[in-house]
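Enquirer: Below: sequence and its predicted model.
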Amino acid sequence: MQTVRFGDTGFEASRLGVGLAEVGFELSLDDQQQASNVLNTALDRGINFLDTAACYDISEELIGNGVSHRRDEFFLATKAGHITGGYQGGSWTYQTVVDSVDRSLKRLKTDHLDLVQLHSCDVAVLEAGEVIRALQEARQAGKTRFIGFSGDNEAAHWAVDSGIFATLQTSYNIVEQRARTSGLLEKATAAGMGTVIKRPIAGGSWAKSRNDSAEVAVRGYDEPYLERANAMRAIGDIENEPENGILTSLGYTLSDPNANVAIVGTKNQSHMEMNIRQVEQELPIPTSVVAELNMRFEQLDKDWEQRT
């Protein structure tokens, strides 16, 4: 698996990372073996970046149970700010962030985290500073090596401009290119931040836009992505575009030199193996295809903001 310098953290990160939201929300503790198979397949094939969050239901527990014995083989990133699983505190308070970090350490079965990211809060929360202070104190106490921000649009720009965070996680894919067109990713790289790309395949929207059937199964959250993909696809065929839409999606995101790690989530071991194989054996995609996709987005983007 190809690696890349992860900002100024000193870590060499695999270009593909594992996002653990789907595992956390769609599996149960009884499915531990399935989760462990996905995680161990990723680690065995050279992926060294795992990304989860306190609000991804049982994700952290499945990771802790499944691969804590391999802790020195991966960079462990989680997120704080709002918590699922019966926690009674409010979102985006100092105490919630403090409790979130301590809870993550316990559930992940580790004595330290590599990265804790503030999870999709708005500018007002960032400017108030209390959640940032909680993360800074966690770093000072050795509970996490780095602190970062996960979010989009105005808040992401605030986080990068602040100089406070070591990393930025943000949405970037074929149908969601504002991280590129607004200069966000380029600015983050210039600031020495590691960049993590969430939703690089946008729910498979680019692949689904090529489907000839009248109805394509799509989750509610992903419907706007498919609408955008259909609009971009309607302009016409793209010469030399790969037949596999997932490959095109991954290839598009990873073609950007300002995108360090693209995190892909799946609860299916075979899907994980396919994504790894594509990244290792079938990339890059033609630069002409990337340029055409850029042009089509810019032509159609009137109100296509990043989706948090």
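Expert: All right, it came through fine.
Enquirer: the strands in the stretch 101-250 of the chain, which residues?
Expert: For the stretch 101-250 of the chain, the strands defined by DSSP state E, counting those that start in this stretch occupy 113-119, 144-150, 167-171, 194-198.
Enquirer: if we compare those, which one ends up closest to Arg5?
Expert: Closest to Arg5 of the strands of the stretch 101-250 of the chain is strand 194-198 (Cβ to Cβ; 8.3 Å). C-beta: built from backbone N, CA, C; applies to glycine.
Enquirer: Who are the packing partners of that closest one?
Expert: Where contact means 3 or more Cβ pairs under 8 Å, 6 or more residues apart in numbering; DSSP states H and E, strand 194-198 is packed against strand 144-150, strand 167-171, helix 184-190, strand 261-264.
Enquirer: Could you list the buried residues of stretch 24-42?
Expert: Neighbour-count burial for stretch 24-42, counted by 16 or more other Cβ atoms under 10 Å, picks out 24, 27, 34-39, 41-42.
Enquirer: From what I see, Val261 and Val18 are in contact.
Expert: No: the pair Val261 / Val18 is not scored as a contact, 9.9 Å apart, by Cβ atoms under 8 Å.
Enquirer: Name all residues that sit in contact with the two at the same time.
Expert: With contacts taken as Cβ atoms under 8 Å, 6 or more residues apart in numbering, the residues that reach both Val261 and Val18 are Phe49.
Enquirer: Check the gap between Ala155 and Val23 for me.
Expert: The gap separating Ala155 from Val23 is 26 Å, by Cβ to Cβ, to the nearest Å.
Enquirer: which of the two has more neighbours?
Expert: A count of neighbours by other Cβ atoms under 10 Å puts Val23 above the other of Ala155 and Val23, at 26 against 22.
Enquirer: Next, name the residue at the spatial heart of this protein.
Expert: Taking Cα atoms, centre = their mean as the criterion, Lys198 is the residue nearest the geometric centre of the chain, at 2.7 Å.
Enquirer: ok, it - contacts?
Expert: Lys198 neighbours (Cβ under 8 Å, 6+ apart): 19, 150, 169-172, 263.
Enquirer: Out of those residues, which is nearest to Gly129?
Expert: Of all the contacts of Lys198, Ser150 has the smallest distance to Gly129: 17.6 Å, by Cβ to Cβ.
Enquirer: what's near enough to touch that closest one?
Expert: For Ser150, the contact set (Cβ under 8 Å, 6+ apart) comprises 79, 117-120, 168-170, 196, 198.
Enquirer: 10 Å instead, please
Expert: 51, 53, 77-81, 115-121, 156, 159, 165, 167-171, 196, 198, 308 (Cβ atoms under 10 Å, 6 or more residues apart in numbering).
Enquirer: burial measure for the closest residue to Asp102 other than its chain neighbours, as a count.
Expert: Distance criterion Cβ to Cβ, 6 or more residues apart in numbering; nearest residue to Asp102, sequence neighbours excluded, is Lys143 at 7.6 Å. Neighbour count of Lys143, defined by other Cβ under 10 Å: 19.
Enquirer: same question, Gly220
Expert: 6.
Enquirer: With Gln140 instead?
Expert: 9.
Enquirer: what pLDDT does it get?
Expert: Here the pLDDT value assigned to Gln140 is 98.
Enquirer: And it, how close does it get to Arg133?
Expert: Using Cβ to Cβ, Gln140 is found at 10 Å from Arg133.
Enquirer: now do Met272
Expert: Using Cβ to Cβ, Met272 is found at 37 Å from Arg133.
Enquirer: Please identify which of the two sits among more neighbours.
Expert: Ranked by neighbour count (other Cβ under 10 Å), Met272 and Arg133 place Met272 first, with 23 against 13.
Enquirer: in the protein, which spans are helices?
Expert: Applying DSSP state H to the chain gives helices spanning 21-26, 32-44, 59-67, 94-107, 123-128, 130-140, 153-162, 178-181, 184-190, 205-208, 223-233, 245-254, 269-277, 287-300.
Enquirer: and the buried residues of stretch 24-42, which two are the farthest apart?
Expert: Distances among those were taken as Cβ to Cβ; the most separated pair is Gly24 and Thr41, at 17.3 Å.
Enquirer: Can you show me the CA trace of stretch 164-178 as PDB?
Expert: Output in PDB follows, covering the C-alpha atoms of stretch 164-178 (Å, rounded to 0.1, in the frame of the first residue of the first chain):
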ATOM      1  CA  ILE A 164      -4.600  25.200  16.200                       C
ATOM      2  CA  PHE A 165      -5.100  21.800  14.600                       C
ATOM      3  CA  ALA A 166      -2.600  19.300  13.200                       C
ATOM      4  CA  THR A 167      -5.100  17.700  10.800                       C
ATOM      5  CA  LEU A 168      -8.200  18.400   8.800                       C
ATOM      6  CA  GLN A 169     -10.900  15.800   7.800                       C
ATOM      7  CA  THR A 170     -13.300  17.100   5.200                       C
ATOM      8  CA  SER A 171     -15.600  15.900   2.400                       C
ATOM      9  CA  TYR A 172     -14.100  15.700  -1.100                       C
ATOM     10  CA  ASN A 173     -15.300  13.600  -4.000                       C
ATOM     11  CA  ILE A 174     -16.400  13.800  -7.700                       C
ATOM     12  CA  VAL A 175     -19.700  15.500  -6.800                       C
ATOM     13  CA  GLU A 176     -18.400  17.500  -3.800                       C
ATOM     14  CA  GLN A 177     -15.400  19.400  -4.900                       C
ATOM     15  CA  ARG A 178     -15.600  22.600  -2.800                       C
END
